[in-house]
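Asker: Dropping the sequence and predicted coords here.
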Amino acid sequence: MCHHIPQCPSAQGFDRYAARVIAAHPEQGWSLLCNGVIVFDDDGALLPDGRAWAPAGITRRQPVCRVALWGRLPGRGFA
């Protein structure tokens, strides 16, 4: 898939995030890397084979969405 020289890391490697961004959508919170990995702003990822990669420190019992915590921050104008 990658045509860069040197070639970008594969989606299965631990260095998958070092691949080049080929489509950035910061307004939506995600970017597509050259190796087919979709990286989200919370450092989570969706691998080309459909597996989800959670960011470090996030477990299945914790919410991944930051919006739910936004209203609880002091000084943000939300109760």
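Answerer: That came through, no problem.

Asker: what about R20, neighbour count?
Answerer: When neighbours are defined as other CB atoms under 10 Å, R20 has 10 of them. To be clear about C-beta, it is placed using only N, CA and C from the backbone, and glycine gets the same treatment.

Asker: does it really touch P6, like I thought?
Answerer: No - judged on CB atoms under 8 Å, R20 makes no contact with P6 at a distance of 11.1 Å.

Asker: Walk me through the regions of the protein where pLDDT falls short of the threshold, as ranges.
Answerer: Within the chain, the segments meeting pLDDT under 70 span 1, 56-79.

Asker: could you show me where the helices are in it, in order?
Answerer: Counting by DSSP state H, the chain has these helices, from start to end: 67-70.

Asker: quick one: the strands in this protein?
Answerer: Using DSSP state E, the strands of the chain run over residues 21-25, 30-33, 38-40, 45-46, 52-53.

Asker: what would those strands look like in TSV with distance to F14 and mean neighbour count?
Answerer: Putting the strands of the chain into TSV (distance: least, CB to CB, whole Å; neighbours: other CB atoms under 10 Å) gives the following:
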stretch	distance to F14	mean neighbour count
strand 21-25	18	11
strand 30-33	14	18
strand 38-40	14	18
strand 45-46	12	18
strand 52-53	11	14
